[in-house]
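J.: Have a look; sequence and predicted model below, questions after that.
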Amino acid sequence: MGIPESLHDIIPDTVPENLAFREGLMKWCSESPENQRWAMMACARDLLFFANAFVWVSDVRRYPDNPDRPFITWPFQHDVMLDMDWSIGRKNVGVIKSRDCGGSTMPLVVFLRRILFFSGQTLMLMSRNERLVDDPKNPDSLFAKLDYMLRMLPSWMTASIQRTNLALVNTRNQSNIIGSSTTGDAGRGGRKQAILVDEFAAFDRNTSYEVLASLQPNSRCLVFNSTPKGIGNGFHKIITDEAITVHKLHWSKHPVHGVGLYTAEKGELKILDKAFWESVTADEILAAYPELQKGLKAGDGLARSSYPFILDGKLRSPYYDHACLICPIPKLIAQELDMDFIGSGSPFFDLDELREYQRLFCTGPILRGELTYEIDTTDEKWVARSDGRLLLWLHLDVTGRPPLDRRYVIGVDISAGTGSSNAHISVGDTRLRTKVGSFTTPTMRPERLAEYAAAVGRFFGKATICFEGAGVGSSFGARLKELGYPSIFYMTRTTGQKSEKPGYFPNGDMKRDLLTEYGRALTMRELTNPDRPAVEECSMYEWTGDGLVAHVESVAATDPSGAKKAHGDRVMADAMMWMLMRRSKRPEPKEAIVKNSFLDWQRRQERLEANSDSWSPAMDSERWCLVN
């Protein structure tokens with residue numbers, strides 16, 4: 001046996017041997033105060049020694065008859081805990097966790113060691129309400145978990161700890177852990193070495209953004225710990241920040257849950273844990289997961305021959321299959337196991353359908369460039385540019401313009417042009433029912449955007465332009481009218497009269513119906529949309545609490561005037577484009593007829609018949625010498 005690299009390497013990682021090690025260590029410590037000081041010095045030097053030699057946790061779910069368990073860290077947890085500990089006072093840390101991976105326990109162990117063995121530490125615990133922070137009647141509250149760990153530690157290690165509501169104080173070294181109820185002003189005015197924000201994704205959206213604003217000035221180390229719960233909230237925002245270190249605690253890393261891993265590629269089974277499936281029997285799997293008996297026949301033969309593998313391309317195991325069986329709610333599976341931010345929310349569009357649609361239809365543009373034009377002229381010219389903002393999914397004709405043997409329509413989503421959100425122009429071909437043009441910019445003012453949209457419209461044969469007329473849309477529409485653009489969409493009132501104001505003015509129900517119809521067109525393959533970013537953006541739409549639908553950024557934040565921020569720009573432009581397509585009569589393609597061909601002769605004869613009734617294909621067969 002070699003010399004252990006670290007102190008914690010001497011500690012066994014199986015329960016019986018670990019318990020025996022702890023028993024011997026406690027007996028040695030009880031022999032003298034000097035031995036106790038050595039043990040505390042070892043804990044101060046090595047976080048993993050403290051965790052594996054002294055910390056206990058309660059696991060009621062898996063061990064209901066004997067829930068007190070020694071905390072034995074798994075290899076995948078080592079780097080997470082050590083990085084958390086090193087980050088205190090230095091940098092932010094994000095932890096995306098799936099169920100049963102110790103996501104909440106690890107930072108508590110890190111914080112507890114800090115106040116026990118380090119001087120002058122001020123740490124904070126926060127969750128979405130006070131009951132989850134400190135409630136003696138709630139064993140899942142953060143302080144209740146700390147209380148349990150302290151009770152299981154030897155008294156000589158905890159003698160100087162004083163406990164009050166929302167506080168743990170070590171009178172020996174003046175270190176403390178305080179709790180905070182979650183409000184937008186949480187943590188203001190103080191300075192902390194580290195703050196744990198537990199289950200951050202479960203916070204109210206607006207509150208989560210307020211918490212971010214209040215906490216950032218107060219500590220250099222914010223530990224954000226949560227399972228995903230949709231997008232457009234503070235947790236998703238901070239986790240997707242490239243500046244933060246993010247640890248992913250996926251269930252497949254768990255030494256029990258990850259046993260028997262498999263997946264599928266193009267519908268074919270792919271075994272990842274071959275050793276497991278080459279030895280495990282059906283009875284052994286059913287002993288651990290009895291609910292799988294509906295699909296797995298009991299017996300002592302190898303389970304692989306009869307196991308009901310699910311070939312959906314996801315990473316799976318018997319544990320995962322069992323979890324999906326007892327909780328057949330995709331949203332909860334996405335949240336608790338898959339660490340899927342989008343699927344764990346309340347998506348409006350069918351996410352599986354969106355992924356399949358992207359696979360089948362989305363592709364890069366054929367052409368990329370810009371339009372050059374003069375206001376009030378029809379002299380638009382296409383200029384190819386590698387950094388161009390106007391993307392085309394068609395070929396231009398010999399004149400450098402789109403084919404004009406068909407009609408085009410345009411949907412426009414308008415922004416203020418300040419850079420905070422995009423404006424988007426979508427161009428659709430009414431014959432082919434496909435999106436053929438896309439233009440996106442965050443910095444074009446409504447009036448300037450109107451000029452560009454008019455140029456695009458003229459380039460596509462005076463295409464009809466539809467846009468949301470409210471807010472900044474009024475400036476856009478007014479400029480279009482000033483330019484004398486000939487084809488602008490106007491709503492029709494219930495009385496049948498045409499609206500005096502140009503544009504589309506949807507209320508909440510109308511917007512939901514508009515997006516529902518757009519989603520149906522994608523699902524039924526009635527519309528071909530090759531614009532990948534536009535289709536991906538559909539996943540950002542969620543149901544709101546009042547039964548309407550909105551882009552998550554619109555739900556999450558508002559501007560100072562109280563108006564919703566404009567997001568989901570591509571989707572709204574595409575939806576209005578599709579609305580115009582459906583209202584347009586689909587033109588019949590012109591038949592290509594070669595002069596002096598039989599088809600040419602037939603068409604000329606049909607015209608003669610229509611004009612003089614002098615010929616009919618039903619005429620006497622003898623007259624036309626028809627042969628059977």
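T.: Looks like it came in fine. This structure is a prediction, so every number in the text was calculated from the model and none was measured.

J.: R458 versus the residue nearest to V256 when sequence neighbours are not counted, what's the distance?
T.: Sequence neighbours aside, Y319 is the residue nearest to V256 in space, at 7.0 Å (criterion: Cβ to Cβ, 6 or more residues apart in numbering). All C-beta spots, glycine's among them, are computed from the backbone N, C-alpha and C. Shown here: Y319 relative to R458, a distance of 61 Å by Cβ to Cβ, to the nearest Å.

J.: And M444, by the same measure?
T.: Applying Cβ to Cβ to M444 and R458 gives a distance of 18 Å.

J.: repeat for R113
T.: Taken as Cβ to Cβ, the span from R113 to R458 is 70 Å.

J.: in terms of contact, does L548 touch R512 like I think?
T.: Yes: using Cβ atoms under 8 Å, L548 is in contact with R512, at 5.5 Å.

J.: neighbour count winner among those two?
T.: Per other Cβ atoms under 10 Å, whichever of L548 and R512 has more neighbours is R512, with 19 against 15.

J.: which stretches of the stretch 151-300 of the chain have low pLDDT?
T.: Within the stretch 151-300 of the chain, the ranges that satisfy pLDDT under 70 run 182-190.

J.: which residues of the stretch 251-400 of the chain fall in helices?
T.: Along the stretch 251-400 of the chain, the stretches classed as helices by DSSP state H, counting those that start in this stretch are 274-277, 282-288, 318-326, 330-336, 351-361.

J.: Quick one, which of these gets closest to W251.
T.: Comparing the helices of the stretch 251-400 of the chain against W251 with Cβ to Cβ, the closest turns out to be helix 318-326 (6.8 Å).

J.: ok, and what's touching the closest one?
T.: Outside of helix 318-326, the residues within contact range by Cβ atoms under 8 Å, 6 or more residues apart in numbering are 99, 251, 254, 256-260, 285, 288-289, 291-292, 294, 307-308, 310, 314, 333, 336-337.

J.: Now that helix: average pLDDT?
T.: Across helix 318-326, pLDDT averages out at 92.

J.: do stretch 600-613 as well
T.: The average pLDDT within stretch 600-613 is 74.

J.: Grab the CA positions of it and hand them over as PDB.
T.: Output in PDB follows, covering the C-alpha atoms of stretch 600-613 (Å, rounded to 0.1, in the frame of the first residue of the first chain):
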ATOM      1  CA  ASP A 600     -49.400  23.600 -77.000                       C
ATOM      2  CA  TRP A 601     -51.700  22.200 -79.700                       C
ATOM      3  CA  GLN A 602     -54.200  20.800 -77.000                       C
ATOM      4  CA  ARG A 603     -54.400  24.200 -75.200                       C
ATOM      5  CA  ARG A 604     -55.000  26.000 -78.500                       C
ATOM      6  CA  GLN A 605     -57.800  23.600 -79.400                       C
ATOM      7  CA  GLU A 606     -59.400  24.100 -75.900                       C
ATOM      8  CA  ARG A 607     -59.400  27.800 -76.500                       C
ATOM      9  CA  LEU A 608     -61.100  27.400 -79.900                       C
ATOM     10  CA  GLU A 609     -63.700  25.200 -78.300                       C
ATOM     11  CA  ALA A 610     -64.400  27.700 -75.600                       C
ATOM     12  CA  ASN A 611     -64.900  30.400 -78.200                       C
ATOM     13  CA  SER A 612     -66.900  28.600 -81.000                       C
ATOM     14  CA  ASP A 613     -68.100  25.300 -79.800                       C
END
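
J.: Distance from it to the middle of the chain?
T.: 62 Å (Cα atoms, centre = their mean, to the nearest Å).

J.: cool, stretch 118-135 as well?
T.: Using Cα atoms, centre = their mean, the offset of stretch 118-135 from its chain centre is 29 Å.

J.: So for that stretch, what gets flagged as buried?
T.: Counting neighbours by 16 or more other Cβ atoms under 10 Å, one finds that the buried residues in stretch 118-135 are 121-128, 130, 132-135.

J.: So which of those are in helices?
T.: Mapping the buried residues of stretch 118-135 onto helices (DSSP state H) picks out 130, 132-133.

J.: got the buried residues for stretch 88-96?
T.: Using 16+ other Cβ under 10 Å as the test for burial, stretch 88-96 gives 88, 92-96.

J.: Could you list the residues in contact with that stretch?
T.: Outside stretch 88-96, the residues touching it (Cβ under 8 Å, 6+ apart) are 80, 83-84, 87, 103, 106-107, 110, 114, 123, 193-194, 220-228, 238-239, 243-249, 339.
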